[in-house]
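Peer 1: please find the sequence and the predicted model below.
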Amino acid sequence: MSGEGYDYQRRSSVDDELVQEMRAMFDNCDTNHDGKIDSCELSEMFQVAGIKLPGYRLREIVDRIDRDNDHKISWFELLKMVTEFKDRDVANTFINIVRERPGVVSTGGTSEVSAMGTTHAFSHEEKHAFSEWINNHLSGDPDCAHLLPIASDTEDLFAKVADGILFCKIINLSSPDTIDERAINRKHGKTSINVYKATENQVLAINSASSIGCSTVNIGAEDLKKGTPHLVLGLMWQIIRIGLFSKIDLVHNPGIMKLLKDGEDLAEMMRLAPDEILIRWVNYHLANSGSDRRIANFSGDIADSEAYTILLQQISPAEAGNGLGPLGESDLRQRAELMLRNADRIGCREFVTPNDVVNGNHKLNLAFVANLFNNFPALKGDDVEGLEEIVEETRDEKTFRNWINSLGLGTSYVGNIYTDLIDGFIFLKLFDVVRPGSVDWAHRVNVPPYKKLGGQMKKIENCNYAVELGNKFGFSLVGIDGNDLHQGIQNLTLSVVWQLMRAYTLSILRKIADTKDQDMDRYIIDWVNEKLESAGKPSRIASFKDPSIADGFPVLDLIDAIQPAAINPSHVRVESPLSGEDRLSNAKYAVSMGRRIGARIYALPEDLVEVQSKMVLTVFACLMVRGLQNK
């Protein structure tokens, strides 16, 4: 019953970074954009890595990977073969193609896959780009004075992240106010931050990164303190990407509606990922310029700088004087340099070097274009129809979306809580995370991509199965059926996602507490009050709706009870009565300090101030998990 897609993460420890790079290379070699590569296109992929093979050998490889006998390789056929190592020599050949690209450094790994002969890799280009980005954006921050500038041509970055300050700072660059800076352990005078406080900073950074939707699976404080290259760069890219993509939507840029194709509506635009929107945006300006040039990726299609040069001419203010002069240069690296000088004139020379453009570094070129869009979209939205239908994401929607993305569900990324869950597949992944083994992947799940004929029915079958599992889990699903989830009905979708998040949180707590107590709400409340009392704290809560929670004191006191002396009294507002600003200040400090002591808190400070009982439950449950782990 399963489709032709493949959920690699359930079956392999091949890392996301490798998969993303392999996908970019696959798309680059798919020159006719039919979603498959034939032996001729495969030859180009091998040539990128400097490997020349005769035609018969290329055809042989295609036949060994091809599952549907069309004499071509789809992305999912390639991914399945590589991640399962079913054809070991071919699998390793493809992995090495990615590993051996110019600028990629391989380091020995310790995972199960590494033990089988593979390695972790990191890119010098990414290290250079991220180092320069940090230098540019944090140069005026006194807390980073002892760390900057980072020598981008060396491996200085991996040493400079050791005390955790840089990660905390870049999180706040990408998602402002995520971390209350009172919670960051800073350097004072000439004394370095000790190992204990550096670990606290790293834990704060990891848990805060999770709260904004980064996957931190298998990343620990020690990994970041040691500067493990592929983990440092992988997490750093996720954080930077979230910031770059945060405003590529209809709420912040309603002019994106102009990128709709004939016959498309608002719902279809909302389903587009940010990178898809950016490709449309580039092509929109190429078309407006009168050029016939179009791009389909941020690798091979931009390597000659033509699209970039035209784009910069179209979006730059007239006073910048950016014309088409770079196109008169025949040397592609020099042309790329001239193009980047045009970008520099509008303050947008970031992420890429001429080599990154010519070599088609997908990740860094994506960042370059996203930065251009954020600064000069050149899409007037005042004449666009249908703006009244655009609604900003609610706090709950954002929290739930970030929670899902933080779980590391492989290639499944949620940009919109409604449109991205309508095929039921992510729902099923979430059920399997909450209770591993609960989903019958072999017989009950339809895996994307779905064929046009009968595809909608496959999606509804997944949604029906999700509702069936929800009933087995004891969820409250009265009046909800699979078609409701498939249609993305908002209140019903949110109800199921919330119950999954609650079940996930409580499942972790049950494992730590070794209890099957069904009234978990009362169990948590009793534990909180007992912990507060044993530590001599004055706070108590009667329920998760207790009005005292709005002041932040019960959470702050509990954190200090779990880890004595964690809370700095001088940072807590105690004036009576507390103003709304005072309450929010305490809540911000409480959430960040909870994360710093190791609690994976997804709730926002506003949830505490408004005493949103659902999210308050998750805060106390996460703190209880941390308290029991300490014990």
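Peer 2: Right, received. Where do you want to start?

Peer 1: got the buried residues for the helix or strand where residue 625 lies?
Peer 2: Using DSSP states H and E, residue 625 sits in helix 613-630. Neighbour counts over helix 613-630 (16 or more other CB atoms under 10 Å) mark 615-628 as buried. C-beta here means a position set from N, CA and C on the backbone, and glycine is covered the same way.

Peer 1: and the closest residue to residue 329 other than its chain neighbours, helix, strand or coil?
Peer 2: With CB to CB, 6 or more residues apart in numbering as the criterion, residue 329 has its nearest non-adjacent residue at 4.2 Å, and that residue is residue 335. Judged by DSSP: H, G, I helix; E, B strand; the rest coil, the three-state class of residue 335 is helix.

Peer 1: do I have it right that residue 335 meets residue 302?
Peer 2: No: with contact defined as CB atoms under 8 Å, residue 335 does not count as touching residue 302 (11.7 Å).

Peer 1: any shared contact partners between those two?
Peer 2: Residues touching both residue 335 and residue 302 (CB atoms under 8 Å, 6 or more residues apart in numbering): none.

Peer 1: and those two? Which one has more around it.
Peer 2: Taking other CB atoms under 10 Å, residue 335 and residue 302 do not tie; residue 302 has more neighbours (26 against 23).

Peer 1: low pLDDT regions in the stretch 401-550 of the chain?
Peer 2: By pLDDT under 70, the weakly predicted segments of the stretch 401-550 of the chain are 411-412, 517.

Peer 1: at which residues are the helices of it located?
Peer 2: Listed in chain order, the helices of the stretch 401-550 of the chain (DSSP state H, counting those that start in this stretch) span residues 425-434, 455-472, 482-486, 490-513, 520-534.

Peer 1: what's in contact with the fourth one?
Peer 2: So that's helix 490-513. By CB under 8 Å, 6+ apart, the list of residues contacting helix 490-513 from outside reads 396-397, 400, 403-404, 417-418, 421, 427, 430-431, 433-435, 466-467, 470, 473, 475-477, 479-480, 484-485, 516, 520, 523-524, 602, 614, 617-618, 621-622, 624-625, 628-629.

Peer 1: got the angle between that helix and helix 613-630?
Peer 2: 20 degrees (axes from the mean of the first three to the mean of the last three CA atoms, to 10 degrees).

Peer 1: list the buried ones in helix 490-513?
Peer 2: Neighbour-count burial for helix 490-513, with 16+ other CB under 10 Å as criterion, is recorded at 492-506, 508-510, 513.

Peer 1: for the third one, same thing?
Peer 2: Across helix 482-486, burial judged by 16+ other CB under 10 Å covers 482, 484, 485, 486.

Peer 1: what's near enough to touch the first one?
Peer 2: Listed by CB under 8 Å, 6+ apart, the contact set of residue 482 reads 424, 460, 461, 462, 463, 464, 465, 466, 467.

Peer 1: now do it against residue 470, distance only.
Peer 2: 10 Å (CB to CB, to the nearest Å).

Peer 1: got a PyMOL select line for the buried ones in the contacts of helix 490-513?
Peer 2: Of the contacts of helix 490-513, the buried ones go into a single PyMOL selection, burial set by 16+ other CB under 10 Å:
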select buried, resi 396+397+400+403+404+417+418+421+427+430+431+433+434+466+467+470+475+477+480+484+485+520+523+524+602+617+618+621+622+624+625+628
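
Peer 1: within the helices and strands, which one has residue 40?
Peer 2: Assigned by DSSP H and E, residue 40 falls within helix 39-48.

Peer 1: which parts of stretch 539-559 are buried?
Peer 2: Neighbour-count burial for stretch 539-559 flags 539, 541, 544, 546, 549-559 (criterion: 16+ other CB under 10 Å).
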